[in-house]
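Novice: What follows is a predicted protein model with its sequence.
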Amino acid sequence: MNQNDIRKQAFAMPLTNPSYPRGPYRFINREFLTITYRTDMEALRRVVPEPLEISEPIVKYEFIRMPDSTGFGDYTESGQVVPVTLNGVAGGYVHSMYLNDESPIAGGREIWGFPKKLADPALRVEKDTLIGTLNVGSVRVATGTMGYKHRTLSADNVLKSLLAPSYLLKIIPHVDCSPRICELVRYYMTDITVKGAWEGPAGLELHQHALAPVADLPVLEVLSAVHLLTDLTLGLGEVVHDYLK
């Protein structure tokens with residue numbers, strides 16, 4: 001394989017058998033349980049990178065079920081998103097993500113810089129309750145509960161929130177473990193269809209874990225919860241800040 005062949009073929013690892021196809025990626029029946037809670041402001045300041053700005057000590061804890069996704073298949077993820085602003089525009093900084101499928105872990109980290117780690121999240125309905133859980137091995141790290149479809153939400157308001165930008169800190173190391181890439185990446189979800197949206201009473205419990213420190217952003221007060229069913233496309237990203245320049 002000559003150098004031109006390598007340049008033409010290379011876009012992901014491994015070279016001759018990439019872990020995922022080229023994007024963008026379409027998700028059908030993507031289901032969210034998002035529980036918004038108040039946390040400690042100083043804890044947030046320790047993890048949210050400049051030039052993103054925080055106005056309130058708020059975190060959105062997500063459990064997301066993805067049964068039909070282009071190239072990634074069927075998987076579930078869970079993690080934390082922090083509401084932020086950049087140049088006055090509201091969005092969300094993705095602080096942590098845990099999921100159960102190698103392909104979207106590799107693709108998410110390599111393409112956008114999603115902070116993805118391997119774990120065992122789940123989202124299910126049990127009688128009258130929507131339940132999200134996150135286990136790391138045999139250890140329960142997070143449990144979220146919500147009353148199932150108590151009140152219908154406006155699809156237009158939900159769509160507006162889903163169209164807001166999201167931000168990631170993409171880090172790719174050099175061979176000596178110094179950062180080769182260290183960038184703030186912005187991405188959007190597009191072609192969104194809101195198939196259902198509900199709110200209801202909710203609870204959230206986070207537990208300490210050395211390698212999944214979601215409890216470092218402690219739950220001080222649960223503020224709200226939404227349950228969404230959508231079709232959408234995860235768009236490719238753009239670099240908005242380079243920390244190495």
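Specialist: Happy to help now that I have it. The structure displayed is predicted, hence computed values, not measured ones.
Novice: Any chance of the backbone angles for residue 162?
Specialist: phi -70, psi -20 (degrees, to the nearest 10).
Novice: Tell me how far it lies from residue 192.
Specialist: Distance, residue 162 to residue 192, using Cβ to Cβ, to the nearest Å: 5 Å. For glycine as for every other residue, the C-beta is placed from the backbone atoms N, C-alpha and C.
Novice: Repeat that for residue 179.
Specialist: According to Cβ to Cβ, residue 179 and residue 192 sit 34 Å apart.
Novice: Just the buried residues of stretch 10-21, please?
Specialist: Buried residues in stretch 10-21, counted by 16 or more other Cβ atoms under 10 Å: 12, 18, 19, 20.
Novice: who touches residue 134 in this structure?
Specialist: Applying Cβ atoms under 8 Å, 6 or more residues apart in numbering to residue 134 gives the contacts 63, 78, 98, 119-122, 140-143, 212, 214.
Novice: hang on, the earlier thing: spell out which residues are contacts of both of residue 162 and residue 192.
Specialist: The contact sets of residue 162 and residue 192 overlap at 230, 232 (Cβ under 8 Å, 6+ apart).
Novice: Quickly list what residue 171 is bridged to.
Specialist: Taking DSSP bridges as the rule, residue 171 bridges to residue 182.
Novice: For residue 42, pull up the helix or strand it's in.
Specialist: Element membership for residue 42, per DSSP states H and E: helix 41-45.
Novice: by contact count, what packs against the helix or strand that comes right after that helix?
Specialist: Downstream of helix 41-45, the first helix or strand assigned by DSSP H and E is strand 58-69. Here strand 58-69 touches strand 25-38, strand 73-86, strand 120-126, strand 129-136, strand 139-147, going by 3 or more Cβ pairs under 8 Å, 6 or more residues apart in numbering; DSSP states H and E.
Novice: rerun at 6 Å
Specialist: Judged by 3 or more Cβ pairs under 6 Å, 6 or more residues apart in numbering; DSSP states H and E, strand 58-69 is in contact with strand 25-38, strand 73-86.
Novice: how about the last one: buried residues?
Specialist: Which is strand 73-86. Across strand 73-86, burial judged by 16+ other Cβ under 10 Å covers 75, 76, 77, 78, 79, 80, 81, 82, 83, 84, 86.
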